[in-house]
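K.L.:
fold the following.
(chains A, B and C)
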Amino acid sequence: MPNRHVINETIAAYANAAIDGAYAAGGKEAVVEVRNQMLEILGFMSTNIDLRLACDDEGYTPEERESIVRGVFGSYNELLVNLLVVMASRCDINMLRRVYAKYEELTETKLNFNIVDVTTVVELDDNLRTVITEKAESDLGRDCLLVEHIDPSIQGGIIMETRGRYVDASVRSQLDRARLVLKEKTDGGEC
Amino acid sequence: MTEITAQSIDEALRKQLDAINTSVESREVGTVVQIGDGIARIDGLKGTMAGELLEFIGEDGTIVYGLAQNLEEEEVGAVLLGDITAIKENDQCRTTGRILEVPSGKGMIGRVVNALGQPIDGKGPIEAEGYRPIEFKAPGVHERQPVEEPMQTGILAIDSMVPIGRGQRELIIGDRQTGKTAIAIDAILNQKGQNMICVYVAIGQKASTVATVVETLERHGAMDYTIVVAATAADPAPMQYLAPMSGAAIGEYFMYTGEDGKPAGQDNPGRHILAIYDDLTKQAVAYRQMSLTLRRPPGREAYPGDIFYLHSRLLERAVKLSDENGAGSLTALPIIETQAGDVGAYIPTNVISITDGQIYLKTNLFFQGQRPAVDVGLSVSRVGGSAQVKSMKSVAGSLRLDLAAFRELQAFTQFGSDLDKATQQQLTRGAAMTELLKQPRYTPLPVEEQSIAIYAGNQGYLDDLPVESIVRFRGELLDYLRINHSDTVAKLRDGKKFTDEIENELNAEIEAFKLQFIA
Amino acid sequence: MNATVSKFVRNCTSGVVAFAAASAVCPMSAFAEESGAGIEAILPQMEEFIPMLVAFIILWIVLAKFGWPKFEGMLEKRENTIKNNLEKAEEARQESERLLAEYQEQLEHAKAQAQTMLNNAQKSGEALEKEITDRARTEADAMIEKAKVAIEAEKRAAIKELQDSMADTSIAVASRLIGEDFSDEEHRKLIERYVKEAGNLNA
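P.N.:
This is a model prediction of the structure:
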């Protein structure tokens, strides 16, 4: 097991390569696209243990691992696929989560903007987009790009999230909170 | 009397409705990346504190609490408390900014709760007077005072030779099936009317065993001042690990607050607590399981390196507070189960070195019918002597000598049969005294009656009785004195020492009773 | 007077004894006379009589001088023994009377003790009975009290349950209403309101 500083360096190298490549290829939009795809891949990997193991199995040759990754993720952004292939050939796929974290950090420190995930029930209109972006930019003090998600299960309202900070103003969580308050004991049990 | 009406419920709900707050604050969230064996690994949550309470949100909005344990560079290891199956990978996890706390207060008394202080006896919700953190730094030197008040267990063999004081930590150690829990239960029963609140913590026991204990306590009216904290064998390891600490926290609440619910102080005395941890071996095993699944490096017997610290910081919370702090006390009776009498194993040696003495129970004594099976030679109390009442101290000294001489002679005389009269005399006295220490379960004796019984033995009134009738003699003598000569007993109880007058009276009364007994 | 008589008797006795002894000393000559006939047979013959008398007197004197005191000592001793025995018998009688009295006294005492024991036992029994009934009463009271508490707790639990289910129902109704009755436009309005109310994202 190498020194953790060495590992951190490796991760930073991957993340830098990804963000520089993406920014050079298509500006902020490409950076956001790569980031979203990276999240998707992470979600997929965390539920598919066979793939995770296969990508890091030294029993396969680096070429075999490369072809596995290319086969599974071939349809994603060319840049990202190339990164994954390199990682797979070096048995570093298990670092992807940390590479992602570093990537997020770099968007903030290097490119000076934040990516804000916004989850709603209905699609946003332009008015809402401006309102939300304005709020996020005033809160965070730098440019913000919104990534929109539609999720009917939140029942209404909005969830905003950026780099681990999370504002849950969904109807679902409001109702949950109300339910908890209502179920709490009132005034010492004497009703 | 509570009335169930639609109106009352309506009112209650309306009251709660006002409390609903629609404002939304931003919080730190992480994602569960791995879960299993009651352990979750969480990505994110950079700002977590060690031991902080975490909130996991399950798929259908159920909230499960967890305890942050391992703070690593890129992830946080946490143990889940509660429904493990409700949480899946990719679920959200939030910090709460709080350390785990348990509710406490008068409403807890007589209840059976789990390690989080939630009732599990089906008697409805508990109203909490206050909350105490599960981990609490033990009071320092200047906040304490020496142990001086006795904590009577009502057991002759213990109160006479291994006296326990309020604020002491006395280990009960022995193999399985040697009556460790029985001693603890008897000690609880004897606290009736002693201004004590008892906390019985059952760790890793069968739920049926816990139910039996609760039933016994209830039958003897001991649940009126007892709280049972139960983490049964079916509960996850983190709950078993937390149970003793939450028991201590529930007890501490009473110690640090007075009857009026305000913090205890010079003129607001704190209460006295007896906490029984039954048993810490199981807690250690649960902690080992937790640590290994958290991938902490194993040490001796695969226990983690901080197992000593776990037990020492728990037992250090036993205290006799100074008068400025309300003079409350928390007496701890931890129980440790040994394997085949091996007190040299890791956990037993640890806990022996932490506590202020131990009560050592032996299997062979138990099966010889010597119950409680206390080995008086190996049992010690390092601080309780100063807490013993004078009357008991004066008679217990010669009892200890008699028994020591008896043990020594017994080993010698197993071969020869020619004994001089003095030896013979010592042997009969020793046999009588050993017999005198036998005591059936659930029959605690008040200290003055104990000292009378030992006094009768010391004066040789038991020497000429057949050995098998000594226990009966003791019982009937005490009944006789209680009914016919209650003034003598009362004098001894209030004076707390043997005066010439009491001795003369007792001699006459015991002789009179003996005549009647032999007849 | 008595002493003189007894002295005289004693002397006479000693004389008789001396005579008997003297005749025993000289039997031969006495039998030799029997061979004579008539009155001479019973009359003493002087030549025999004188030495005999002399012998007799000498013997008498000797016996009176040396033999008698011994004899008298024996008598005296015997007399004393008898007297002592009589005294001892008297003492023994007195002792036995005393013992008898003592035994009687002890018997009385034992009877009294047995009575007190009986009383004690009775008293103990009564006290025990009282204690048991008292205990039973307090236990019964405690049980009633406990039952009351238990009923109260049950009631509270029932209320809690009712409250919970009402809360659940109302929340379920609310979420159904929001889910079905909100138009997209209303949703957007809600979102806008929430975004304005929400706390700082960078807190």
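K.L.:
doesn't residue B:8 belong to a strand?
P.N.:
No - under DSSP: H, G, I helix; E, B strand; the rest coil, residue B:8 sits outside any strand and is assigned helix.
K.L.:
kindly report the residues of the stretch 51-200 of chain B close to chain A.
P.N.:
Within reach of chain A by CB under 8 Å from any CB of the partner chain, the stretch 51-200 of chain B has these residues: B:61, B:63, B:73-74, B:89-90, B:92, B:94, B:124-125, B:127. (C-beta placed from N, C-alpha, C; glycine too.)
K.L.:
got the residues of the stretch 201-350 of chain B near chain C?
P.N.:
For the stretch 201-350 of chain B, the contact set with chain C under CB under 8 Å from any CB comprises residue B:221.
K.L.:
okay, helices next: where are they in the stretch 201-350 of chain B?
P.N.:
Applying DSSP state H, counting those that start in this stretch to the stretch 201-350 of chain B gives helices spanning B:207-219, B:237-256, B:280-293, B:307-315, B:346-354.
K.L.:
and among those helices, the most buried is which?
P.N.:
helix B:237-256 (a mean of 27; mean count of other CB atoms under 10 Å in any protein chain shown).
K.L.:
one step back: so which of the helices of the stretch 201-350 of chain B gets nearest chain A?
P.N.:
Across those, chain A has its closest neighbour in helix B:237-256 (16.6 Å, CB to the nearest CB).
K.L.:
now do that closest one and helix B:280-293, the angle between them.
P.N.:
Calculated by axes from the mean of the first three to the mean of the last three CA atoms, to 10 degrees, helix B:237-256 forms an angle of 130 degrees with helix B:280-293.
K.L.:
I'd like the average pLDDT over helix B:237-256.
P.N.:
Across helix B:237-256, the average pLDDT comes to 95.
K.L.:
what's the following helix or strand after the lowest-mean-pLDDT helix or strand in chain C?
P.N.:
Ranking every helix and strand in chain C by mean pLDDT, DSSP states H and E puts helix C:27-33 at the bottom, with a mean of 50. Using DSSP states H and E, the next helix or strand after helix C:27-33 towards the C-terminus is helix C:46-62.
K.L.:
show me where pLDDT drops low in chain A?
P.N.:
Low-confidence segments of chain A (pLDDT under 70): A:1, A:184-191.
K.L.:
apply 50 and report the result again.
P.N.:
Along chain A, segments meeting pLDDT under 50 span A:186-191.
K.L.:
how's chain A carved up into domains?
P.N.:
A:4-107, A:113-185 (automatic domain parsing).
K.L.:
what about residue A:124, is that helix, strand or coil?
P.N.:
Using three-state DSSP as the criterion, the local structure at residue A:124 reads coil.
K.L.:
do you know the pLDDT at the closest residue to chain A within the stretch 301-450 of chain B?
P.N.:
Residue of the stretch 301-450 of chain B nearest chain A, by CB to the nearest CB: residue B:305 (20.4 Å). pLDDT for residue B:305: 95.
K.L.:
same thing with residue B:150?
P.N.:
With respect to pLDDT, residue B:150 has a value of 93.
K.L.:
what's the biggest helix in chain A, counting residues?
P.N.:
helix A:4-47 (DSSP state H).
K.L.:
just the closest residue of chain C to chain B, please.
P.N.:
For chain C, CB to the nearest CB, closest residue to chain B: residue C:157, 3.5 Å.
K.L.:
in the chain, which spans are strands?
P.N.:
With no chain named, the answer covers chain A. Along chain A, the stretches classed as strands by DSSP state E are A:113-120, A:143-150, A:157-162, A:165-170.
K.L.:
just the stretch 51-200 of chain B next, same as before
P.N.:
Using DSSP state E, counting those that start in this stretch, the strands of the stretch 51-200 of chain B run over B:52-57, B:63-71, B:75-81, B:92-99, B:101-104, B:112-113, B:130-133, B:171-174, B:196-203.
K.L.:
identify whichever of the ones you listed lies nearest to residue B:379.
P.N.:
strand B:171-174 (9.1 Å; CB to CB).
K.L.:
name the helices or strands packed onto the closest one?
P.N.:
Judged by 3 or more CB pairs under 8 Å, 6 or more residues apart in numbering or on different chains; DSSP states H and E, strand B:171-174 is in contact with helix B:180-189, strand B:329-337, helix B:346-354, strand B:357-361.
K.L.:
mean pLDDT and distance to residue C:72 added to the ones you listed, as a markdown table?
P.N.:
Below are the helices and strands packed on strand B:171-174 laid out as a markdown table (pLDDT from 0 to 100; distance: least, CB to CB, whole Å):
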| stretch | mean pLDDT | distance to residue C:72 |
| --- | --- | --- |
| helix B:180-189 | 96 | 92 |
| strand B:329-337 | 97 | 99 |
| helix B:346-354 | 96 | 99 |
| strand B:357-361 | 95 | 92 |
